[in-house]
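>>> Build the 3D model from these lines:
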Amino acid sequence: MHLTPFQKNLREKILSQGPLSLLEVMGLSNAHYYAEKEVFGREGDFITSPEISQIFGECVAFWIVEQCQREEIYDPILLEMGPGRGTLMRDIVRILSKTKIKPDIHFLETSPKLREFQKENMPEPCVWHDDLRDIPKKFALFLANEFFDALPIQQKVDGVDVYVDYVDDAFVRVPRGGEMIETSPVSLDISKTMAAHLSSYGGAALIIDYGDYTKSERIGETLQAVKQHAYVDPLKHLGDADLTAHVDFKLLSEAFLKKGFRGNFMTQRDFLKAYGFDLRLQKLMEQSLSHDQRQDIQSRAHRLIDPKQMGELFKVLEISL
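Numbers count the residues shown, from 1 in each chain. Down below sits the predicted model:
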């Protein structure tokens, strides 16, 4: 197995210290990946909803307008977690500029490389944070699109933590076999931090990702890796592919429900339809100049809501009072 410099360093760490928890390995792998790789778009490894069609960001903007109007607060903190290249926020700001809502833009982003992309894309001044607890103490709207799926997970097989070892020139997980349960302690900690802020200062949250709302512990594995728009073996591409797992929306919602918030869970299709998708698509079609342009707009938009594509695979959790 040919190893990258990151993988060689990981191998040496395992050989000197012993097997590392999957939680630690996934965290190290994704931190390196997002800091070093060209991850988004056709040239990268995957493409997100805001990159597919501007309609996605416009619908999120209409959600923001509704939250602000309901509370009669027009200068909220607008914080996006894991904002990628800043495309979503750019589309949101374009819509909000036509309203009386003037948010303070904040990003939760630890990758210096991605921060540079975001600076180039953002027409408005914004503030970056490494830690969610550092944001100003005021009414906030949290946005997390394809953020939680990339956070490290913990796997247990028959109650025993899963570790990553290096055996026979390959990274392997131990133990193998048996009933597997996945959790994400990091996701739970972040949702608790969000809930504490909203409880103290007011606001709402919008979490969009692929995953499910289980009634009990999640049984079975969902860990996967994507490289150049195709699924690959996660352990063969550590640090060189996007490692993700299905988001446990029930786990996330519990932190908010305990603070008295309401959780509204739906598909991405239903969310977009509820916040002006059809109207925005019609407007874009009317403004397009050519048949090819209209076909492209319609094809991209359809991908967001098609049940066989992203429409039902991606879920939305709205958190509000």
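>>> Residue 197 and residue 119, how far apart?
Between residue 197 and residue 119 the computed distance is 25 Å (CB to CB, to the nearest Å). Any C-beta I mention is one placed from the backbone N, CA and C, and that applies to glycine too.
>>> ah, wrong one, I meant residue 106
Residue 106 sits 14 Å away from residue 119, going by CB to CB.
>>> cool, residue 311 as well?
From residue 311 to residue 119 the distance is 32 Å (CB to CB).
>>> And for residue 94?
In terms of CB to CB, residue 94 sits 17 Å off from residue 119.
>>> Tell me which residues are up against stretch 170-181.
Outside of stretch 170-181, the residues within contact range by CB atoms under 8 Å, 6 or more residues apart in numbering are 1, 7, 10-11, 19, 22, 155-158, 160, 162-166, 217-221, 235-236, 238.
>>> Neighbour count: residue 106 and residue 119, which is higher?
Each of residue 106 and residue 119 has its neighbours counted (other CB atoms under 10 Å); residue 106 has more, 23 against 12.
>>> ok, that one - contacts?
Contacts of residue 106 by CB under 8 Å, 6+ apart are 77-80, 126-129, 135.
>>> Swap in 10 Å and give it another go.
Residues counted as contacts of residue 106 (CB atoms under 10 Å, 6 or more residues apart in numbering) are 77-81, 83, 89, 126-129, 132, 134-136, 140, 142.
>>> likewise residue 36?
Shown in contact with residue 36 (CB under 10 Å, 6+ apart): 4-6, 111, 113, 239-240.
>>> Recalculate using a threshold of 8 Å.
113, 239.
>>> quick one: it from residue 159, how far?
With CB to CB as the criterion, residue 36 and residue 159 are 36 Å apart.
>>> again, but for residue 237
In terms of CB to CB, residue 237 sits 29 Å off from residue 159.
>>> what ranges do the helices span in the chain?
For the chain, helices defined by DSSP state H occupy the ranges 5-17, 22-36, 49-52, 54-71, 87-96, 112-121, 185-201, 249-257, 268-274, 277-287, 291-305.
>>> In JSON lines: these, plus mean pLDDT and distance to residue 213.
Converted to JSON lines, the helices of the chain look like this (pLDDT from 0 to 100; distance: least, CB to CB, whole Å):
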{"stretch": "helix 5-17", "mean pLDDT": "97", "distance to residue 213": "34"}
{"stretch": "helix 22-36", "mean pLDDT": "94", "distance to residue 213": "23"}
{"stretch": "helix 49-52", "mean pLDDT": "95", "distance to residue 213": "20"}
{"stretch": "helix 54-71", "mean pLDDT": "97", "distance to residue 213": "19"}
{"stretch": "helix 87-96", "mean pLDDT": "96", "distance to residue 213": "23"}
{"stretch": "helix 112-121", "mean pLDDT": "90", "distance to residue 213": "29"}
{"stretch": "helix 185-201", "mean pLDDT": "97", "distance to residue 213": "14"}
{"stretch": "helix 249-257", "mean pLDDT": "93", "distance to residue 213": "4"}
{"stretch": "helix 268-274", "mean pLDDT": "98", "distance to residue 213": "14"}
{"stretch": "helix 277-287", "mean pLDDT": "94", "distance to residue 213": "22"}
{"stretch": "helix 291-305", "mean pLDDT": "95", "distance to residue 213": "20"}
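>>> so which of those helices gets nearest residue 319?
Residue 319 lies closest to helix 249-257 among these, at 4.8 Å (CB to CB).
>>> Quick one: work out the angle between that closest one and helix 185-201.
Put simply, helix 249-257 runs at 30 degrees to helix 185-201, going by axes from the mean of the first three to the mean of the last three CA atoms, to 10 degrees.
>>> Return helix 249-257 as CSV; C-alpha atoms alone will do.
Provided in CSV are the C-alpha atoms of helix 249-257 (Å, rounded to 0.1, in the frame of the first residue of the first chain):
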residue,chain,number,x,y,z
PHE,A,249,-30.7,13.8,14.2
LYS,A,250,-32.4,12.4,17.3
LEU,A,251,-29.1,12.7,19.2
LEU,A,252,-28.7,16.3,18.0
SER,A,253,-32.3,17.3,18.9
GLU,A,254,-32.1,16.0,22.4
ALA,A,255,-29.8,18.8,23.6
PHE,A,256,-32.3,21.4,22.3
LEU,A,257,-35.4,19.7,23.5
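>>> No further queries at this time; thank you.
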